[in-house]
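> Below are the sequence and a predicted model for it; my questions follow.
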Amino acid sequence: METFEDIRIVEKESLVDMKFTKEDVLSNDEVKRRLRGIYLTKAESLGNNFKEKVKLFFKTATNEICAVETTIWQANEEHVTLKGGINVPTKAVCAVEF
């Protein structure tokens with residue numbers, strides 16, 4: 001995983017009011033986008049089968065890097081759905097830590 005400076009840890013519930021970046025944070029790197037998809041699929045499996053939490057790193061509309069520790073219930077090319085039905089745009093996801 002890349003290292004990020006000044007990561008703000010947020011609670012899952014605060015994501016409801018959060019604005020996310022409109023651009024794909026990995027738009028210049030096809031390999032990293034494919035890996036993001038693989039990691040999100042693994043995180044989805046861990047969440048659904050074992051109720052395991054992961055740390056999801058994402059970028060806000062103000063270019064702030066934040067992280068949330070949560071269970072991922074569903075992930076696709078458009079959105080990542082967290083426990084509680086909260087959605088994060090996939091293109092805003094920088095990294096997943098297991």
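Thanks, I have it.
> who's in contact with Glu69?
Shown in contact with Glu69 (CB atoms under 8 Å, 6 or more residues apart in numbering): 9, 53-56. The C-beta positions use only the backbone N, C-alpha and C, and glycine is treated the same way.
> By neighbour count, which of the residues you listed wins?
Using other CB atoms under 10 Å as the neighbour criterion, Leu56 leads the contacts of Glu69 with 26 neighbours.
> confidence score at the nearest residue in space to it that is not next to it in sequence?
Nearest residue to Leu56, sequence neighbours excluded (CB to CB, 6 or more residues apart in numbering): Val68, at 5.4 Å. Per-residue pLDDT puts Val68 at 97.
> Please report phi then psi for Val68.
For Val68, the backbone dihedrals (degrees, to the nearest 10) come out as phi -140, psi 140.
> That one: how many residues sit nearby?
Residues near Val68, counting by other CB under 10 Å, number 22.
> burial of Gly85, as a residue count?
Gly85: 9 neighbours (other CB under 10 Å).
> cool, and Glu78?
9.
> How about the one 4 residues further on?
Using other CB under 10 Å, Leu82 is surrounded by 22 other residues.
> separation between the closest residue to it other than its chain neighbours and Asp24?
Leaving aside its chain neighbours, Leu82 sits nearest to Thr70 (4.7 Å; criterion: CB to CB, 6+ apart). According to CB to CB, to the nearest Å, Thr70 and Asp24 sit 21 Å apart.
> Show me which of these two is the more surrounded one.
Ranked by neighbour count (other CB under 10 Å), Thr70 and Asp24 place Thr70 first, with 22 against 17.
> Alright, calling it a day.
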